[in-house]
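J.: After the sequence you'll find the predicted model.
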Amino acid sequence: MLHDHNILCVSSIDWSEHWQIHQELMTRLAAQGNRVLYIENTGVRRPGIADLSRLRRRIWNWWHSTKGFREERENLFVYSPLFLPFPYSRIAGWINRVLLFPTLKRWMQATGFTRPIVFTFLPTPLARSLISQVSAEAVIYYCADDFSSSSASARRVSASEVRLVKEADLVFTTSERLRARAAALGGRVHRFPAGVNFDAFASVRAADDPPPDDLVRLPRPIIGYVGALHQWLDQALMIKLAARLPHMSFALVGPPYSDVSRLRECPNVHLLGERPHDDVPRYIKAFDVGLVPYRLSEYTESVYPVKLNEYLAMGIPVVATDLPEVRRFNAEHGDVIAVAPDAEDFAAAIARALQPAAAGVVDRRIEVARRNSWTERVTSMTTLIDEVLEEKKARGDDWDLRFTRLYRVARRRTAQALLAVAAAYLLVFQTPLVWWLASPLKVSAPPEPADAIVVFAGGVGESGQAGGGYQERVKAAVDLYRARYAQHVVLSSGFRFVFHEAEVMKDLATANGVPADAIELEQSAANTHENVVFTREILARRGWRKILLVSSPYHMRRALLTWRGSAPDVIVIPTPVQQSLFYLHERGPSLDQVRGIMQEYLAIAAYWWRGWI
């Protein structure tokens, strides 16, 4: 029996989700005197709308813990990390490693959590990277799901899973199909389906307690199901059964993970929702028949229903879909499960199950459940783990092998980082990509007669240098004035370096032929929003409604959006500087140019957030 070890669990579900192998196994290992760190799910697929509640719960858990860590019970800690939920993105993977690994290592250092035995239920690249960081005493991959068949986006996990099977010291699987697939890759593979907390069920079975209130109210017989109402639950089958057996009550106990509106419409189907894990035995005890109504699919070919042994532990009859693991269960333990291929056979099997049981049948069901108890499972698992630890100990300290492996990983990652930096440099600075991305910022229209020419000066602008760019904007305004598109010029800038920028711009304009009395100054604005607000006051005072707007070419999009948001009554013709010296791009962009364009996009986002556009 494992005792006094550190055990790190990389789980594929969150701790507060429907109770499964993950929580049961880690709880038992913690009760045996091991310290357990349970890392909540970091994902095997991209999230969808249905995952928003889980994301919200993850943020809540992180916020109400110590940097994501909390002590759930004695010897058992839970880590709720914040991460980018894109498990196959290299960039997201790098960011997640930066977010997760330093925090995890600091917690391990603070608690003396060294050389852990790792149980990983996730075969993702991030999970494998995490394992490489913790100097594991042993690595066990518990393959509890056929991830590659669970969804289209999860199929990409296959390559990483193959590598994990080869790297792990032991591989445990929940079904024969998963065992055979892993065994074909080599390594030490063993089948350990989900067990049952037999002692807890036996205690409830022996007690003379009344059924739960929500079941007492239902007409008998009660045909029950315990488990998540997920996409693999055959709702069409359940609806047909409810119609064929209208005098029976169908009670479904578990959280809905899919649309169950059609089931709600059936008058004798009762969706009771999720119940505390400790209450599950009381519900099953009140059932007359237990159901396993799963759809047949590639995914369910590898599913071993946890509820099989829970039903049997209460001695009730069970009717199940014709799943490969159900057939295997009957082959190992005798025909203790009634198997039905369709709704008609299902209804008939339920009717037969409701007949009085022959002598010894109930005891036989209970004995089968006892042989599949978690106590038996954990004993067998820990025996195998002890053997691995003893073998490693007998081989002596293999620090040099571990160091070499870690060095190779570090060297590979360094090379990957350098290649990524080089590729990014070439893409950004040696191709037209930046100018292509910047093109939506550039807005221009042919000039036409207007009431005034409005010039937004740049202050330090995109160049980061005082006065950078105002000369070319003044020249553009002077050219428009000389072409008689407007008889008035408004120069807007609240920037001051040595002199007020607006006054310097006025001197430059008058020196180039614009009469001083044709120029209005706005000298208070500190940003584009204020440029618009303060300039609009001048326009309103003068009764001007139509303007030619002069600014930097890539600033024009933000300026127009701000006019529309803060002064929609003004007609604005965008006439930016046509050939800005700062934005010349005969070759790839400079770092300053990239920074200037990024600044514009960030500024647009900030203006939207503030409600200015």
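T.: All right, it came through fine. Numbers count the residues shown, from 1 in each chain.

J.: CA only for contacts and neighbour counts going forward, please
T.: Fine.

J.: Give me the residues contacting stretch 419-439.
T.: Applying CA atoms under 8 Å, 6 or more residues apart in numbering, the external contacts of stretch 419-439 come out as 554, 587, 588, 589, 590, 594, 597.

J.: before we move on, what about stretch 55-67?
T.: By CA under 8 Å, 6+ apart, stretch 55-67 touches 68, 69, 80, 81, 82, 103.

J.: Could you find the closest non-adjacent residue to the last one?
T.: Spelled out, it's residue 103. Among residues not flanking residue 103 along the chain, residue 67 sits closest, at 7.9 Å (CA to CA, 6 or more residues apart in numbering).

J.: how near is that neighbour to residue 82?
T.: The gap separating residue 67 from residue 82 is 9 Å, by CA to CA, to the nearest Å.

J.: How about residue 493?
T.: 43 Å.

J.: Also residue 231?
T.: Per CA to CA, residue 231 is found 27 Å from residue 82.

J.: out of the two, which sits in the busier spot?
T.: Just comparing residue 231 and residue 82: by other CA atoms under 10 Å the higher neighbour count belongs to residue 82, 18 against 15.

J.: Let me see the contact set for the more buried one.
T.: 58, 59, 62, 68, 99, 100.

J.: Next secondary structure element downstream of whichever strand or helix holds the first one?
T.: It refers to residue 58. When secondary structure is defined by DSSP states H and E, residue 58 falls within helix 52-63. Along the chain past helix 52-63, the next helix or strand (assigned with DSSP H and E) turns out to be strand 69-73.

J.: Now do that next one against helix 52-63, angle only.
T.: 100 degrees (axes from the mean of the first three to the mean of the last three CA atoms, to 10 degrees).

J.: For strand 69-73, which outside residues touch it?
T.: With CA under 8 Å, 6+ apart as the criterion, strand 69-73 contacts 62, 77, 78, 79, 80.

J.: Secondary structure and neighbour count for these - can I get that in a markdown table?
T.: Listed next are the contacts of strand 69-73 as a markdown table, based on DSSP: H, G, I helix; E, B strand; the rest coil; neighbours: other CA atoms under 10 Å:
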| residue | secondary structure | neighbour count |
| --- | --- | --- |
| 62 | helix | 17 |
| 77 | strand | 17 |
| 78 | strand | 21 |
| 79 | strand | 26 |
| 80 | coil | 25 |
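
J.: Closest to residue 32 out of the residues you listed?
T.: residue 77 (14.7 Å; CA to CA).

J.: Report the spatially closest residue to that closest one, excluding sequence-adjacent ones.
T.: residue 71 (4.3 Å).

J.: what about the one you found, distance to residue 165?
T.: 31 Å.

J.: which of those two has more neighbours?
T.: Neighbour count, other CA under 10 Å: between residue 71 and residue 165, residue 165 has more, with 25 against 15.

J.: For whichever strand or helix holds that one, C-alpha coordinates in PDB please.
T.: Per DSSP H and E: residue 165 is located in helix 158-167. Only the C-alpha atoms of helix 158-167 are listed here, as PDB (Å, rounded to 0.1, in the frame of the first residue of the first chain):
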ATOM      1  CA  SER A 158      -3.600  11.400 -30.400                       C
ATOM      2  CA  ALA A 159       0.100  12.200 -31.200                       C
ATOM      3  CA  SER A 160       0.700  13.500 -27.700                       C
ATOM      4  CA  GLU A 161      -1.100  10.500 -26.200                       C
ATOM      5  CA  VAL A 162       1.100   8.000 -28.100                       C
ATOM      6  CA  ARG A 163       4.200   9.700 -26.700                       C
ATOM      7  CA  LEU A 164       2.800   9.700 -23.100                       C
ATOM      8  CA  VAL A 165       2.000   6.000 -23.300                       C
ATOM      9  CA  LYS A 166       5.600   5.300 -24.300                       C
ATOM     10  CA  GLU A 167       7.000   7.700 -21.600                       C
END
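
J.: Please list the outside residues in contact with it.
T.: 123, 124, 125, 128, 141, 148, 171, 182, 185, 186, 187.

J.: Count the neighbours of the first one for me.
T.: The reference is to residue 123. Neighbour number of residue 123 under other CA under 10 Å is 26.

J.: what's the distance between it and residue 141?
T.: With CA to CA as the criterion, residue 123 and residue 141 are 8 Å apart.

J.: Check the last one too.
T.: In this structure, residue 187 and residue 141 are 11 Å apart, going by CA to CA.

J.: Over to residue 82?
T.: Residue 82 is 23 Å from residue 141, where distance means CA to CA.

J.: swap in residue 555?
T.: For residue 555 relative to residue 141 (CA to CA), the value is 54 Å.

J.: cool, residue 549 as well?
T.: 64 Å.

J.: swap in residue 208?
T.: Applying CA to CA, the value for residue 208 to residue 141 is 41 Å.

J.: For those two, indicate the residue with more neighbours.
T.: Comparing residue 208 with residue 141 by other CA under 10 Å, the one with more neighbours is residue 141, at 25 against 8.

J.: Next, name the residue at the spatial heart of this structure.
T.: Residue closest to the average C-alpha location in the chain (CA atoms, centre = their mean): residue 85, at 3.2 Å.

J.: the strands in the stretch 51-200 of the chain, which residues?
T.: 69-73, 76-79, 117-120, 138-143, 170-173, 189-191 (DSSP state E, counting those that start in this stretch).

J.: Let me see the residues that make contact with the longest one.
T.: Counting contacts by CA under 8 Å, 6+ apart, the residues outside strand 138-143 that touch it are 116-123, 131, 164-165, 168-174, 178, 388-389.

J.: partner strands of that strand, parallel or antiparallel?
T.: Partner strands for strand 138-143, per DSSP bridges, with pairing direction: strand 117-120 (parallel), strand 170-173 (parallel).

J.: Also the second one?
T.: Sheet pairing for strand 76-79, assigned by DSSP bridges, gives strand 35-39 (parallel), strand 69-73 (antiparallel).

J.: before we move on, what about the shortest one?
T.: Using DSSP bridges, the neighbouring strands of strand 189-191 in the sheet come out as strand 170-173 (parallel).

J.: So the residue nearest to the centre of the chain sits against residue 41, correct?
T.: No - in this structure, residue 85 is not within contact of residue 41 by CA atoms under 8 Å, at 10.1 Å.

J.: Output the lowest mean pLDDT helix or strand found in this protein.
T.: Of all helical and strand segments in the chain, the minimum by mean pLDDT, DSSP states H and E falls on helix 147-150, at a mean of 69.

J.: In terms of pLDDT, where does residue 401 sit?
T.: We have a pLDDT of 57 for residue 401.

J.: any idea where the strands of the stretch 251-400 of the chain begin and end?
T.: Taking DSSP E, counting those that start in this stretch as the criterion, the stretch 251-400 of the chain carries its strands at 269-273, 289-292, 318-321, 338-340.

J.: Out of those, flag the one nearest residue 371.
T.: The nearest among the strands of the stretch 251-400 of the chain, by CA to CA, is strand 318-321 at 17.1 Å.

J.: Good, wrapping up.
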